[in-house]
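# Provided below are the primary sequence and the corresponding predicted coordinates.
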Amino acid sequence: MISGKFAITIHILTLLTKFPDEFLSSEFIAGSVNLHPVLVRKEIANLKKNNIVESKEGKNGGTKLLKSASDISLDTIFKMTFDTVTLGFSKNEPNPKCPVGKKINKNLEDLYENINEKISLQLSGITLENFSNQF
């Protein structure tokens with residue numbers, strides 16, 4: 001299902017791109033995103049797990065990019081936040097005797113797969129640096 005995780009992650013990474021040599025605190029980042037620092041740290045943990053950022057603790061601690069923004073595609077970020085976009089399926093099991101019901105979920109799966117291919121293709125051509133240069 002579509003969530004705000006991608007937008008939050010892009011916001012965090014764009015902010016880090018603007019301060020490449022500084023460790024930004026989760027409180028500072030949270031102030032920009034207008035989100036609780038605990039939720040920011042959760043997204044940062046995912047970025048650390050994927051070797052996109054590094055963090056250090058302490059008074060001058062925080063997070064900064066581990067890789068160059070020019071080496072990170074938006075598709076990579078998208079796939080870190082969730083594997084695929086799905087617009088969902090009915091909570092009820094469709095009637096297998098109905099000509100629509102017996103094929104609806106398969107046809108929706110095919111549609112979602114096509115959407116994801118197009119999203120991936122478009123996002124793979126945009127780097128974090130490209131996106132960040134808009135600010």
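Happy to help now that I have it.
# List the residue ranges of the protein that fall below the pLDDT cut-off.
1-3, 83-84 (pLDDT under 70).
# how about the helices in it?
5-18, 26-33, 37-49, 74-81, 104-124, 128-132 (DSSP state H).
# Tell me which of those lies nearest to residue 64.
Residue 64 lies closest, by C-beta to C-beta, to one member of these: helix 5-18, at 5.9 Å. From N, CA and C alone the C-beta is placed, and that goes for glycine too.
# thinking residue 94 is in contact with residue 100, fair?
Yes - counting by C-beta atoms under 8 Å, residue 94 does reach residue 100; the two are 7.5 Å apart.
# and these two? which has more neighbours close in?
Here residue 94 and residue 100 are compared on neighbour count by other C-beta atoms under 10 Å; more neighbours surround residue 94, at 14 against 9.
# any idea what sits nearest the more buried one, other than its immediate chain neighbours?
Spatial nearest neighbour of residue 94, chain neighbours left out: residue 101 (3.5 Å); criterion: C-beta to C-beta, 6 or more residues apart in numbering.
# Can you get me a residue count around that neighbour?
Count around residue 101 with other C-beta under 10 Å applied: 14.
# Kindly provide the distance from it to residue 92.
To residue 92, residue 101 is 10 Å away according to C-beta to C-beta, to the nearest Å.
# same thing with residue 12?
Taking C-beta to C-beta, one finds residue 12 at 38 Å from residue 92.
# More neighbours: the two, which one.
Higher neighbour count among residue 12 and residue 92: residue 12, with 25 against 7, using other C-beta under 10 Å.
# from what I can see the more buried one touches residue 44, true?
Yes - between residue 12 and residue 44 there is a contact at 6.9 Å, judged by C-beta under 8 Å.
# who touches both of the two?
residue 29 (C-beta atoms under 8 Å, 6 or more residues apart in numbering).
# now the farthest one out in the protein, which residue is it?
Within the chain, the residue lying farthest from the chain centre (C-alpha atoms, centre = their mean) is residue 97, at 39.4 Å.
# ok, residue 26 touching residue 63?
Yes - judged on C-beta under 8 Å, residue 26 makes contact with residue 63 at a distance of 7.1 Å.
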